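# have a look; sequence and predicted model below, questions after that.
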Amino acid sequence: MTTNLEQDILSRRTFAIISHPDAGKTTITEKLLYFGGAIRDAGTVKGKKTGKFATSDWMEIEKQRGISVTSSVMQFDYDGCRVNILDTPGHQDFSEDTYRTLMAVDSAVMVIDAAKGIEAQTKKLFQVCRMRGIPIFTFINKLDRQGREPLELIEDLEEVLGINAYPMNWPIGMGKEFLGIYDRYNRRIEQFRTEEEDRFIPLNDEGTIDVENDMTKTSYYTQALDDILLLDEAGNDFSEEAIEKGQLTPVFFGSALTNFGVQTFLETYLKFAPGPQPRLTEQETIVEPTDKDFSGFVFKIQANMNPAHRDRIAFVRIVSGKFTRGMNITMNRTGKSFKVTQATTFLADDRETANEAVAGDIIGLYDTGNYQIGDTIVGGKKKFQFEKLPQFTPELFVRVSAKNVMKQKHFHKGIDQLVQEGAIQYYKTLFTEDIILGAVGQLQFEVFENRMKNEYNVDVIMEHIGQKMARWIRNEEVIKDSMTGPRSILVNDRFGNKVFLFENQFAMRWFEDKYPEVELYSLL
Ligand code: G4P
C-alpha cells in the first residue's frame with residue numbers, strides 16, 4: 001500500500017524546457033501555466049516588446065534585453081500531478097546556471113522551431129541532458145508557419161542529435177494550409193482553428209476518420225495518412241522503457257502561439273514523464289525519493305530576487321522525503337545543523353511560503369551566506385554528499401580589478417560571494433596574482449559587472465584576455481615555472497588546482513608536443 005507521502009512524491013513532474021532562443025519556449029511555458037491555472041492570461045510571463053515583465057525578471061539588465069538571465073521555477077497542479085517547471089535562459093549568452101538547472105530535473109522538454117530544425121544551443125543543452133540519461137520530450141513548434149518537411153525534422157533529430165524519435169502525432173498541412181494533427185497516441189484527429197466541441201474526431205480501426213469534411217478532401221490529409229503508414233512500418237516502435245532511458249524521444253507537433261497542440265502535449269507528457277528519480281551519493285549509495293528522511297542539494301543560488309531586501313535564495317532540489325517548515329537540517333559540508341524557518345516555493349505569479357514540500361519539488365531557502373552550489377542538506381542522522389554538480393570548462397576569460405583601489409575590501413567580498421554562488425569562475429595567476437574570471441557565456445560577465453556595482457558598490461575594470469581554452473592537470477607535480485608564458489598562462493582555480501589557459505587550439509597542441517609529460521584534461 002502506498003502512503004500519502006509516496007503518492008505525493010509520485011505525483012511530481014519536474015522538468016526544464018530547453019531550446020534555442022526564439023523557438024517559442026516562453027510562449028509554451030505561458031500556455032502550460034495557463035492550463036495549470038497558474039496565470040489567468042497566457043501572456044504575462046514575459047512581454048518582450050510590451051514592457052510587461054514577470055516576477056522572475058529581477059535585474060535591469062534583463063529588462064533592457066528582454067531576456068531571462070536566471071533560471072526560475074514555476075509550479076502548478078494539473079491532472080493530479082504537481083508540475084515543477086525549471087526555466088532555463090534561452091539567450092545564446094547562457095551560462096553555467098542553465099547547465100546546473102538541468103541537474104535538478106527528471107526530464108526535459110525540447111522545443112524546436114519547425115522552420116529551423118535543430119539549432120546550436122538546443123544541441124548543447126540536449127547533450128547535457130543526454131549525459132545524464134534523462135528522458136527528453138520534443139515539441140516541434142510554429143506549425144502555423146511554413147516550416148521544413150516533418151519527415152526531414154524527424155531525420156534531423158535522429159542524425160544530428162543521435163536519438164531515436166517516435167512521433168506521437170503528425171501534422172496535416174502546414175503554414176497557411178495547416179489543418180490539424182493526426183494524433184497517433186490518442187487515436188484522434190485534432191483540427192486546427194475549429195471550435196472546441198468540433199476539435200477532436202476519433203480514428204476508426206483503419207486509422208482514418210469516418211466523417212468526410214473539408215479536411216479529408218485535401219491532399220494534406222492523404223499525405224499525412226501516407227506518412228503515418230510509413231512511420232508505422234519503418235519508424236521506431238513506441239517504447240516506454242526507451243523513453244525512460246532517454247533513448248527515444250516522443251515528438252509532438254503544434255503551434256504554441258495559437259495554443260494548438262499544447263494541452264494534448266501536456267496531458268500525454270504527464271502520462272509518460274518520470275516522477276522523481278533517485279540520486280547517487282559520493283559514498284556510492286542511492287537515495288530513493290521515498291526514503292523517509294528529507295534530503296536535497298543546492299543547485300543554484302540567486303541574489304537579489306527582491307532588490308528591496310537584498311536577499312539570497314538557495315534553490316534546493318528535494319531528493320527524498322518531505323520538507324516541513326521549521327524542521328532541523330544538517331549541512332554535510334560544514335556539519336552544522338539549523339532550523340529552517342524561511343523557505344519559499346515558486347508559484348508562477350508569486351512566491352509563497354513553503355510549509356511543506358516533497359521529493360521532486362524545488363524550494364528556496366533564505367540564505368545569509370551559508371550555502372554553496374552543490375551543498376547537500378539532510379533531515380535525518382545519516383551523513384552523505386550527493387554527487388558533485390559538474391563544473392563546466394569556461395571559454396571566455398577576463399582579467400578583473402577594482403577601478404578604485406580604495407575599494408579592495410568590497411571588491412574581494414563581492415567576488416567571493418559571486419564565485420560562491422557559481423555566477424562566475426575564479427582563477428588567480430601564479431606569480432602576479434591577477435584575478436581572472438572565466439565564463440561559459442558573455443552574459444555572465446555583464447551580470448557580474450552589474451551586480452558588483454549594484455550590490456557591492458564597486459566599479460570593476462575587465463580586460464578580455466586572449467586565452468580561450470582552460471585545461472586542468474592530472475599530474476601537477478611535473479609542472480615547472482618555465483612552462484608558463486603568454487600563450488599558456490598558469491593559474492590556480494578557486495580550489496587551488498592548477499590550470500593552464502591556452503590562447504587557442506594551436507598553442508595547446510604546441511604545448512602538448514613540447515611537454516608530453518603533462519597530462520591535461522578539460523571539464524565538461
Ligand atoms: P523563446 O522564449 O524560446 O525565446 O521564444 P518566445 O516564446 O519568446 O517566442 C519567440 C517568437 O516566436 C515570438 O515572436 C513568439 O510570438 C513567436 N512564436 C512562438 N510560438 C509560435 C508559434 O507557434 N507560431 C508562430 N507563428 N510564432 C510563434 P516575437 O515577434 O519575436 O515576439 P513577441 O513580440 O511575440 O513577444
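Yep, it's here. Source: prediction; values computed, not measured.

# lowest average confidence, helix or strand, in the protein?
Scoring the helices and strands of the chain by mean pLDDT, DSSP states H and E places strand 52-53 at the bottom, with a mean of 38.

# for the closest residue to residue 198 other than its chain neighbours, give me the pLDDT.
In this structure, residue 198 finds its nearest non-sequential neighbour in residue 191, 6.7 Å apart by CB to CB, 6 or more residues apart in numbering. Heads up, the C-betas are built off the backbone N, CA and C, glycines and all. Confidence at residue 191, expressed as pLDDT, is 93.

# near the ligand, which residues of the stretch 51-200 of the chain show up?
Residues of the stretch 51-200 of the chain lying near the ligand by CB under 6 Å from any ligand atom: 90, 141-142, 144-145.

# tell me the pLDDT of the residue in the chain sticking out farthest from the centre.
Distance from the C-alpha centroid of the chain, by CA atoms, centre = their mean, peaks at residue 212 (44.2 Å). What the model reports as pLDDT for residue 212 is 82.

# got it, and the one 5 residues further on?
Residue 217 carries a pLDDT value of 88.

# just to revisit the earlier point, burial of the residue nearest to residue 198, as a residue count?
A count of nearby residues for residue 191, using other CB atoms under 10 Å, gives 19.

# pretty sure it sits against residue 215.
Yes - with contacts counted by CB atoms under 8 Å, residue 191 reaches residue 215, the gap being 6.6 Å.

# overlap in contacts, the two.
179-180 (CB atoms under 8 Å, 6 or more residues apart in numbering).

# so which elements touch the strand or helix carrying residue 507?
Residue 507 belongs to helix 505-514 when elements are defined using DSSP states H and E. Helices and strands touching helix 505-514, as assessed by 3 or more CB pairs under 8 Å, 6 or more residues apart in numbering; DSSP states H and E, comprise strand 469-473, strand 488-493, strand 498-502.

# redo those as TSV? Include mean pLDDT, mean neighbour count and distance to the ligand.
Converted to TSV, the helices and strands packed on helix 505-514 look like this (pLDDT from 0 to 100; neighbours: other CB atoms under 10 Å; distance: least, CB to the nearest ligand atom, whole Å):
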stretch	mean pLDDT	mean neighbour count	distance to the ligand
strand 469-473	92	20	29
strand 488-493	93	20	33
strand 498-502	94	22	32
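
# tell me where the model's unsure across this structure.
Filtered on pLDDT under 70, the chain yields the residue ranges 1-2, 38-71, 89-95, 303-311, 346-354, 524.

# where do the strands sit along the stretch 301-450 of the chain?
Remark: strands assigned in the stretch 301-450 of the chain by DSSP state E, counting those that start in this stretch are 312-320, 322-324, 328-331, 337-339, 343-347, 350-353, 356-358, 362-367, 376-378, 396-402, 425-429, 435-439.

# who touches the closest residue to residue 77 other than its chain neighbours in this structure?
Spatial nearest neighbour of residue 77, excluding adjacent residues (CB to CB, 6+ apart): residue 36 at 6.4 Å. Residues counted as contacts of residue 36 (CB under 8 Å, 6+ apart) are 76-78, 83, 348.

# again, but for residue 151
227, 230.

# now it, what's its secondary structure?
helix (DSSP: H, G, I helix; E, B strand; the rest coil).

# and it, how far from the ligand?
20 Å (CB to the nearest ligand atom, to the nearest Å).

# go on, residue 487?
Using CB to the nearest ligand atom, residue 487 is found at 38 Å from the ligand.

# before we move on, back to that, pick out whichever of the residues of the stretch 51-200 of the chain next to the ligand sits closest to residue 441.
Closest approach to residue 441 among these (CB to CB): residue 90, at 11.8 Å.

# around the ligand, pick out the residues from the stretch 201-350 of the chain.
Counting by CB under 6 Å from any ligand atom, the stretch 201-350 of the chain comes close to the ligand at 255-257.

# hmm, 8 Å instead?
With CB under 8 Å from any ligand atom as the criterion, the stretch 201-350 of the chain meets the ligand at residues 254-258, 260.

# could you work out the most separated pair of the residues you listed?
The largest separation in those, counting by CB to CB, is between 254 and 257 at 9.8 Å.

# who has more neighbours, the two?
Of the pair residue 254 and residue 257, residue 254 is the one with more neighbours under other CB under 10 Å, namely 29 against 18.

# list phi and psi for residue 264.
phi -60, psi -40 (degrees, to the nearest 10).

# residues touching it, list them.
Counting by CB under 8 Å, 6+ apart, the residues that residue 264 touches are 169, 181, 183, 186, 190, 252, 254.

# burial check on whichever residue of the stretch 301-450 of the chain sits closest to the ligand, number of neighbours?
The ligand sits closest to residue 443 of the stretch 301-450 of the chain, with a gap of 14.2 Å, by CB to the nearest ligand atom. By other CB under 10 Å, the residues close to residue 443 number 21.

# what of the one 5 residues further on?
Residues lying near residue 448 (other CB under 10 Å) number 22.

# cool, and the one 3 residues further on?
A count of neighbours around residue 451, defined by other CB under 10 Å, yields 21.

# run through the residues that contact the residue of the stretch 201-350 of the chain found nearest the ligand.
Across the stretch 201-350 of the chain, the shortest distance to the ligand (CB to the nearest ligand atom) belongs to residue 257, at 3.3 Å. Neighbouring residues of residue 257 by CB under 8 Å, 6+ apart: 24, 27, 142, 144.

# from residue 19, how far off is the nearest residue to the first one once chain neighbours are set aside?
In space, and not counting its chain neighbours, residue 24 is closest to residue 141: 4.2 Å by CB to CB, 6+ apart. In this view, residue 141 and residue 19 are 8 Å apart by CB to CB, to the nearest Å.

# which of those two has more neighbours?
Of the pair residue 141 and residue 19, residue 141 is the one with more neighbours under other CB under 10 Å, namely 28 against 24.

# give the contact list for the more buried one.
Residue 141 sits next to 23-24, 27-28, 111-114, 254-256 when contact means CB under 8 Å, 6+ apart.

# would you confirm that the residue of the stretch 201-350 of the chain closest to the ligand belongs to a helix?
No - counting by three-state DSSP, residue 257 is not found in a helix; it is coil.

# distance of it from residue 264?
Distance, residue 257 to residue 264, using CB to CB: 16 Å.

# next, the residue lying closest to residue 147 once chain neighbours are set aside: phi, psi?
Using CB to CB, 6+ apart and skipping the chain neighbours, the partner closest in space to residue 147 is residue 114 (3.0 Å). Main-chain dihedrals, residue 114, degrees, to the nearest 10: phi -60, psi -30.

# which residues does residue 114 contact?
140-143, 145, 147-148, 150, 153, 174, 253.

# quickly list the domain ranges of the protein.
According to automatic domain parsing, the chain comprises the domains 4-170+251-272, 279-378, 396-521.

# which of these is buried the deepest?
Greatest average neighbour count among those goes to domain 4-170+251-272 (a mean of 20), per mean count of other CB atoms under 10 Å.
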